[in-house]
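Chemist: fold the following for me, if possible:
(one chain, ligands or ions: 2)
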Amino acid sequence: MTAQLSCDICVIGGGSAGLSVAAGAAQMGADTILIERGDMGGDCLNSGCVPSKSLLAAAKAAHAGAQAKDFGITYAAPRIDFPAVQAHVQDVIDSIAPHDSVERFEGLGVRVLRESAQFLSPQKLAVGDQRIHARRFVLATGSRPLIPPVPGLEDVPYLTNETVFEVQDCPEHLIILGGGPIGCELGQAFRRLGARVSIVEMNRMLGREDRGAAQLLRERLQAEGIAIHENTSISEVRHDTAGLQVVLKNEEGETTLEGARLLVAAGRQPVTDGLNLEAAKVVHDRRGIQVDARLRTSNRRIFAAGDVIGGPQFTHAAGYQAGIILRNALFRLPAKADYRALPRVTYTAPELAQVGLTEAEAREQGGKFEVLQHSLAENDRARCERESEGFIKILATPSGRILGATILSAHAGELILPWTLAIARNMKLSALAGIIAPYPTLSEVSKQVAAHYYTPKLFSSRTRRLVRLFLRLG
Ligand SMILES: Cc1cc2nc3c(=O)[nH]c(=O)nc-3n(C[C@H](O)[C@H](O)[C@H](O)COP(=O)(O)OP(=O)(O)OC[C@H]3O[C@@H](n4cnc5c(N)ncnc54)[C@H](O)[C@@H]3O)c2cc1C
Ligand SMILES: NC(=O)c1ccc[n+]([C@@H]2O[C@H](COP(=O)([O-])OP(=O)(O)OC[C@H]3O[C@@H](n4cnc5c(N)ncnc54)[C@H](O)[C@@H]3O)[C@@H](O)[C@H]2O)c1
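Modeler: Ligands and ions are numbered 1, 2, ... in the order given. Next up, the predicted model:
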């Protein structure tokens, strides 16, 4: 018999976006249903952030010997037990999973249904033989890997982020299609864990990022032995008993790479199939579900968040969007998403962190701005740690208002936080130049680069004249 359920908020998708909405709604007193057809935790926990950062952590340990040489310490070459590395990755997932589990959510008062959801009308959803009527729906169905139309690709076995963390043998040669954050992070991880790695990128590696930072990072990855083919497309992929052949094409002509495994990391596509969004009158296209700044879809009772809306695709963006939806749906506040101060980090070594505008974006906008750059080589702690590769670059208006920050360095993901706060709160450089930073820390780079802005004024001939005058006064 068909069961009829009703609730205040019905969330479809138990990944970063859906879990944040459901946990917040239930704890604020809304009767909440969460529907998840796959693994609780979605991509981030099971096939995204958590396994990729865990693999990178293992790769860092494998690389420690190479770095130790700089300190006069020599280790024997590491012996890498790859199944044990993957067991570590799974162990980290398992240790975080209880936080995203059905049990925890039921404990918060959420009714969790483990099925696929499909709309029957603008206000009614079918979940198995249950019918759900909700005051508000939230679509948080995420994304899946985009598989580009490369001839032969569909006929060969390939990996994506959904399968790469299950591989039990480190491939002798891993060819990665795509030089975005996934390609770069996993490329460095597999290289450090013993694979030969080739990255094939049809444009520029990390094309959205600051050109200088991406270039330095590329040099570092190349120095570790990764082959990077930029402005190169794949014209064909073949597979036989000897392995894979990937035919590359660029200005110089065609070459063939022979590899053991192929990882496709060419971007994402929204997951909307099976939802019957037409019945719900929710407009969507190949980029995702269309939303306004309040994250309302074309059906005002239905919100959407996370990767499925095709905007910034990060776990922290999904969490932020969940907060916007809760304010709109529960408190009827017209809260709007504002991505001005949304940071992003590529967790390679060194890390590449960005918040606000890149230099290219600031030039495109056309306003006046100054560029302040400070090398990590000028930071004492970075020298002690022998991690002095990289820089911090700040863009600021002539009045000192901060427009953007780029950091390429060890721990850049941690160092970006004061700049995120500064942009969010419209702070000026003087706020950062005036703080007392503990010595010796990498954090000092933020104060040092901000202080650059005032150096010409501080040590000007006018200041010198003034000082001489005060001194003459006794
Ligand atoms: C390799 C990799 C590394 C990443 N690293 C980072 C990182 O370091 N930092 C960062 O911020 N971001 C990172 N990301 C991005 C981050 O993982 C995503 O932005 C985030 O997981 C998106 O969350 P979501 O809730 O929108 O979607 P998802 O996590 O995909 O969740 C959607 C859920 O909806 C379910 N679902 C779909 N359709 C239905 C349906 N019809 N009925 C019921 N359930 C349904 C799915 O089963 C899924 O569990 C990474 C991504 C990848 C792939
Ligand atoms: N550290 C992080 O926060 C992190 C890490 C990994 C992923 N992510 C998220 O996941 C998303 C997806 O990552 P991604 O790296 O797959 O996507 P991406 O879109 O950022 O990069 C994909 C790259 O593949 C290239 N490409 C596409 N088709 C190609 C083809 N046929 N041949 C050669 N190159 C091709 C594109 O030019 C692009 O540079 C990211 O945008 C990000 O939001 C975040």
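
Chemist: measure stretch 31-50 end to end?
Modeler: End-to-end distance for stretch 31-50, by C-alpha to C-alpha, to the nearest Å: 30 Å.

Chemist: in this structure, where's the longest helix?
Modeler: Longest helix in the chain by number of residues (criterion: DSSP state H): helix 49-68.

Chemist: packing partners for the following helix or strand past that one?
Modeler: Counting by DSSP states H and E, the next helix or strand C-terminal to helix 49-68 is helix 82-96. With contacts defined as 3 or more C-beta pairs under 8 Å, 6 or more residues apart in numbering; DSSP states H and E, helix 82-96 has these neighbours: helix 42-47, helix 49-68. For every residue, glycine as well, the C-beta is placed using N, CA and C.

Chemist: can you redo those as CSV with mean pLDDT, mean neighbour count and distance to Ala134?
Modeler: Shown next, in CSV, are these (pLDDT from 0 to 100; neighbours: other C-beta atoms under 10 Å; distance: least, C-beta to C-beta, whole Å):
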stretch, mean pLDDT, mean neighbour count, distance to Ala134
helix 42-47, 98, 24, 20
helix 49-68, 97, 18, 29
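
Chemist: right, is stretch 233-242 up against ligand 2?
Modeler: Yes. Using C-beta under 6 Å from any ligand atom, stretch 233-242 reaches ligand 2 at Ser233, Ile234.

Chemist: going by neighbour count, list what's buried in that stretch.
Modeler: Ser233, Ile234, Val237 (16 or more other C-beta atoms under 10 Å).

Chemist: spatially nearest residue to the residue of the stretch 301-450 of the chain found nearest ligand 1, not counting backbone neighbours?
Modeler: As assessed by C-beta to the nearest ligand atom, ligand 1 sits closest to Gly306 within the stretch 301-450 of the chain, at 2.1 Å. Spatial nearest neighbour of Gly306, chain neighbours left out: Ala17 (2.9 Å); criterion: C-beta to C-beta, 6 or more residues apart in numbering.

Chemist: against ligand 2, how distant is that neighbour?
Modeler: From Ala17 across to ligand 2, the span is 13 Å (C-beta to the nearest ligand atom, to the nearest Å).

Chemist: what does His133 give?
Modeler: 34 Å.

Chemist: likewise for Gln222?
Modeler: From Gln222 across to ligand 2, the span is 17 Å (C-beta to the nearest ligand atom).

Chemist: and the residue of the stretch 51-200 of the chain nearest ligand 2?
Modeler: Closest point on the stretch 51-200 of the chain to ligand 2, by C-beta to the nearest ligand atom, is Gly180, at 2.0 Å.

Chemist: who's in contact with that residue?
Modeler: Leu206, Gly207, Ala265, Ala266, Gly267 (C-beta atoms under 8 Å, 6 or more residues apart in numbering).

Chemist: surely the third one meets Gly183?
Modeler: Translated: Ala265. Yes. Counting by C-beta atoms under 8 Å, Ala265 does reach Gly183; the two are 4.3 Å apart.

Chemist: what do the two both touch?
Modeler: What both Ala265 and Gly183 touch, as defined by C-beta under 8 Å, 6+ apart, is the set Ile176, Leu177.

Chemist: give me the neighbour count for the residue nearest to Gly306.
Modeler: Per other C-beta atoms under 10 Å, the neighbour tally for Ala17 reads 33.

Chemist: secondary structure element for it?
Modeler: Using DSSP H and E, Ala17 sits in helix 16-27.

Chemist: again, but for Ser298
Modeler: Assigned by DSSP H and E, Ser298 belongs to no helix or strand.

Chemist: can you get me a residue count around it?
Modeler: By other C-beta under 10 Å, neighbour count at Ser298 equals 16.

Chemist: again, but for Arg340
Modeler: Neighbour count for Arg340, taken as other C-beta under 10 Å: 12.

Chemist: name the nearest residue to it, sequence neighbours excluded.
Modeler: Ile423 is the one closest to Arg340 (C-beta to C-beta, 6+ apart), at 6.2 Å.

Chemist: residues contacting that neighbour?
Modeler: Applying C-beta under 8 Å, 6+ apart, the residues near Ile423 are Arg340, Ala341, Val355, Gly356, Ile402, Leu403, Gly404, Ala405.

Chemist: neighbour-wise, which of those residues leads?
Modeler: With neighbours taken as other C-beta under 10 Å, the top of the contacts of Ile423 is Ala405, carrying 30 neighbours.

Chemist: what score does Ala140 have for pLDDT?
Modeler: Turning to Ala140, the model gives it a pLDDT of 98.

Chemist: residue contacts, Phe314?
Modeler: Leu342, Arg344.

Chemist: how far away is it from ligand 2?
Modeler: 5 Å.

Chemist: what residues does the stretch 101-250 of the chain put near ligand 2?
Modeler: Taking C-beta under 6 Å from any ligand atom as the contact definition, the stretch 101-250 of the chain meets ligand 2 at 148, 150, 177-183, 185, 200-203, 207, 233-234.

Chemist: give me the neighbour count for Lys393.
Modeler: Number of residues near Lys393 (other C-beta under 10 Å) recorded here: 20.
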